[in-house]
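>>> here is the input, now give the coordinates:
(one chain, ligands or ions: 1)
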Amino acid sequence: MENLTISEVAKKYNFRFKKGLGQNFLIDDSVLDDVVDGAEVNEEDFVIEIGPGFGTLTRELLKRAKKVCAIELDEKLFPILEEELKDFNNFELIHNDALKVDFNELMGDEKSVKLVANLPYYLTTPIIVNLLTKGYDFKSLTIMIQKEVGVRIDSEPNCKAYGAFSILVQYYCDTKIIRLVPPTAFIPEPKVESIVIRLDRLKEPKVKVKDEALFFSIVRKSFNMRRKTLWNGLKDIGIDKENLLKCFERANIDPVRRGETLSLQEFALLSDEIGSAK
Ligand code: SAM
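Numbers count the residues shown, from 1 in each chain. Reported below is the predicted structural model:
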């Protein structure tokens with residue numbers, strides 16, 4: 001395939017793109033390079049790719065990694081991948097839905113596991129939540145996603161895009177935007193712009209909290225109604241109003257502030273105070 005275009009490969013195998021599976025295949029070599037460079041893939045890495053498509057990104061990963069294990073849902077792509085990547089003996093193809101995969105099983109004893117993927121848009125949020133919250137020991141996730149979601153992940157307090165999802169990802173990872181990608185880099189062209197972002201998994205979560213479930217529940221409630229104050233979002237958290245007010249005081253947070261102004265550290269403080277008062 002190295003010398004064939006995506007359209008030529010599609011024609012050769014009589015392949016029809018499935019919109020429902022988010023099949024927008026990369027055709028821009030500079031983006032491929034930036035993804036693989038951005039992921040800093042080297043010969044010690046065990047790379048897991050979600051959605052190899054025709055194997056365009058897979059091929060570049062195979063040239064640099066110790067092994068690439070790709071998970072693909074569309075079985076029509078299997079014969080194509082097997083044929084097009086037959087020269088590589090460090091390639092493994094797994095037929096499954098990425099949301100159903102036990103990544104621990106896949107990783108085995110591998111020490112340096114990096115996930116690299118041009119993700120189908122519909123899968124972005126559920127797969128990120130799944131990969132981060134299940135404690136999988138990835139070194140990093142380098143993913144191409146819709147620009148809007150990437151900006152949300154990378155944003156800071158007081159930015160319009162900052163929300164519960166930013167906090168979830170930043171709790172587990174350092175985030176770094178690698179580059180923007182225009183719709184013209186794909187066939188067929190998607191309607192939105194994309195972004196390549198790298199999430200480096202932290203050894204310990206960015207903030208220490210006594211009760212993780214409570215922390216995330218407070219974060220969600222604080223962003224549920226963006227225009228409301230923290231007090232309005234949290235007044236039904238399960239402690240009486242007088243005690244709740246004291247929690248705000250001890251955490252040194254004004255209850256009339258809005259959720260979007262709080263840092264992770266402030267959410268952690270508030271959550272620990274509320275947890276102790278419960
Ligand atoms: N990696 C290729 C590229 O960059 O050209 C294709 C990327 S395309 C955006 C997304 C790929 O994910 C497609 O090959 C699609 O069939 C596959 N896919 C969609 N849903 C999936 C799922 N739930 N699990 C695994 N793969 C999936």
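>>> nearest to the ligand: which residue in the stretch 151-278 of the chain?
Among the residues of the stretch 151-278 of the chain, F186 lies nearest to the ligand; the distance is 7.4 Å by CB to the nearest ligand atom. All C-beta atoms are positioned from the backbone trio N, CA, C, and that covers glycine.
>>> tally up the residues packed near that residue, please.
By other CB atoms under 10 Å, 20 other residues sit near F186.
>>> report pLDDT for it.
In this model, F186 is scored at 96, pLDDT.
>>> list the contacts for it?
N24, F25, L26, I27, D28, S194 (CB atoms under 8 Å, 6 or more residues apart in numbering).
>>> of the residues you listed, which ones also sit close to the ligand?
N24, F25, L26 (CB under 6 Å from any ligand atom).
>>> list the contacts of the first one.
The neighbours of N24, taking CB under 8 Å, 6+ apart as the test, are F17, N118, P120, F186, I187, P188, E189, P190.
>>> now it: phi and psi?
phi -110, psi 110 (degrees, to the nearest 10).
>>> gap between it and R220?
For N24, the distance to R220 (CB to CB, to the nearest Å) stands at 31 Å.
>>> for the residue nearest the centre of the chain, give me its contacts.
Central residue of the chain (CA atoms, centre = their mean): I128, 3.7 Å from the mean position. The neighbours of I128, taking CB under 8 Å, 6+ apart as the test, are L141, I143, I153, V169, L199.
>>> give me the subset of the residues you listed that lies in strands.
L141, I143, L199 (DSSP state E).
>>> surely the second one touches I197?
Yes - under the criterion of CB atoms under 8 Å, I143 is in contact with I197, at a separation of 6.2 Å.
>>> quick one on the thing from earlier: which among the contacts of F186 gets closest to F78?
Taking CB to CB as the measure, F78 sits nearest to F25 out of the contacts of F186, at 15.7 Å.
>>> most neighbours among the contacts of N24, which one is it?
Counting by other CB under 10 Å, top hit in the contacts of N24: N118 with 26 neighbours.
>>> now that one: how far from Q146?
Taking CB to CB, one finds N118 at 12 Å from Q146.
>>> buried ones in the helix or strand encompassing E249?
Taking DSSP states H and E as the criterion, E249 maps to helix 241-251. By 16 or more other CB atoms under 10 Å, the buried positions in helix 241-251 come out as L244, C247, F248, A251.
>>> likewise for stretch 130-145?
Buried-residue list, stretch 130-145, by 16+ other CB under 10 Å: N130, L131, L132, Y136, F138, S140, L141, T142, I143, M144, I145.
>>> first to last residue in that stretch, what's the distance?
16 Å (CA to CA, to the nearest Å).
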